[in-house]
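>>> model the following, please.
(one chain, ligands or ions: 1)
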Amino acid sequence: LTGARMLGLGVYRPARVVTNDEIAQRVDTSDAWIQARTGIASRRIADDEETIVAMGAAAAEKALAAAGLTADSIDLVIGATCTSPSQIPGAGPQIAHRIGAGRAGAFDINGACAGFSYAVSTAADMVRAGTLRNVLVVATERLSDYTDWDDRSTCILLADGAGAAVIGPAETNEIGPAVWGHDGSRPETIQVPGYGDNSFRMEGQAVFRWAISLVPVLRQICEQAGVAPEDLAGIVPHQANLRIVEALVTGIGATNAAVARDVVDAGNTSAASIPLGLSRLLESGEIRRGDPVLLFGFGAGLTYCGQLVRC
Ligand code: ACO
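This next block holds a predicted model:
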């Protein structure tokens, strides 16, 4: 087999829903302001038991079930997270242990909000190269741990959740070439500084402008996969802000695509946002297995990565 495809997808959404009105009880904002500027109406926030490992393992088990595979058939677990509570150990080995992927290698990558796309691309290349057979990508985030709940410009956006995908071999290649890039000259644009300062900081307008300047990259992803934007069945940009999502979709002219708007009730879950958005489009029947869907992650670094998948 010379191709790779997404064999199964699974997600985990924390139980607790936090409305805009609840946030407005703490900081000077309103439901109307948040909805107008971000499209977010509510978000999910994890409780103490919903750790990145617990959420990631729950999503991973669903992805395995969807793929019809057991944990012992997984050769490698790649954790994609930027909100691990500890510098070490990583989430990947702990998730692998929890789901019983006994013979899998395991590590994390931190591509911030582009982490899922980077991990999928890494996994697909390994599968295509024949290095291994089945790779489990697990994007799992608790941005709430790094949120400054007194900063009204960021606490309205950030949220928690997890999504996982099994990448395995296929007769035809269903994961298109990744297109990626970065602007590392402005690390302060989105950061959790560290060294004792664990609060998420962001220059919102700069991020907004940078994100919508990436329209040509989305075109390039389509071009390299040989699919015209108007033939896309679905599009799942990172769910940072509904206005960015709409600008990217309109910008490339994805006129017939079902658009992930998961941010409306999931908030920004960083690396988890793409699998969460993709699974919702599949569950609702807006896209079907085998349809061409564009995934596009972008965020802190600044860095971005995207690809076309048929899942
Ligand atoms: N409620 C009310 N007023 C607010 C709020 C709030 N929650 N937040 C900011 N304001 C005020 C500001 O203080 C400012 O007031 P001033 O004019 O008196 O100084 C005014 O609103 C305008 O502020 P801006 O920052 O210009 O507002 P903007 O329209 O840019 O919206 C936002 C801010 C929502 C953060 C927007 O810039 C944005 O979404 N940017 C992109 C963020 C993003 O995509 N991040 C993703 C990458 S990070 C990651 O994914 C993990």
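>>> could you use CA atoms for every contact and neighbour count after this?
Will do.
>>> wait, is residue 297 part of a helix?
No. Counting by DSSP: H, G, I helix; E, B strand; the rest coil, residue 297 is not part of a helix but strand.
>>> so where do the strands sit in the stretch 1-150 of the chain?
When assigned using DSSP state E, counting those that start in this stretch, the strands of the stretch 1-150 of the chain occupy the ranges 3-12, 17-19, 42-44, 76-80, 105-109, 135-142.
>>> get me the contact residues on the protein for the ligand.
29, 33-34, 37-38, 113, 152-153, 156, 204-205, 207-208, 240-241, 268, 270, 299 (C-alpha under 6 Å from any ligand atom).
>>> if we can go back for a sec, of the strands of the stretch 1-150 of the chain, flag the one that's most buried.
Most buried of these by mean neighbour count (mean count of other C-alpha atoms under 10 Å) is strand 135-142; its value is a mean of 34.
>>> what helices or strands is the very next helix or strand once past it leaning on?
Where DSSP states H and E defines the elements, the next helix or strand beyond strand 135-142 is strand 160-170. Contact here means 3 or more C-alpha pairs under 8 Å, 6 or more residues apart in numbering; DSSP states H and E; on that basis strand 160-170 packs against strand 3-12, strand 42-44, helix 52-67, helix 115-129, strand 135-142, helix 273-283.
>>> alpha carbons of strand 160-170, in CSV - could you do that?
Extracted in CSV, the C-alpha atoms of strand 160-170 (Å, rounded to 0.1, in the frame of the first residue of the first chain):
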residue,chain,number,x,y,z
ASP,A,160,-10.7,23.0,26.4
GLY,A,161,-11.2,19.7,24.4
ALA,A,162,-9.6,16.9,22.5
GLY,A,163,-9.7,15.2,19.2
ALA,A,164,-7.9,12.1,17.8
ALA,A,165,-7.3,10.5,14.5
VAL,A,166,-5.9,7.1,13.4
ILE,A,167,-3.7,7.4,10.3
GLY,A,168,-3.1,4.2,8.5
PRO,A,169,-2.2,2.7,5.1
ALA,A,170,-4.5,2.9,2.1
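>>> that one pairs with which strands?
Applying DSSP bridges, strand 160-170 is found paired with strand 3-12 (antiparallel), strand 135-142 (antiparallel).
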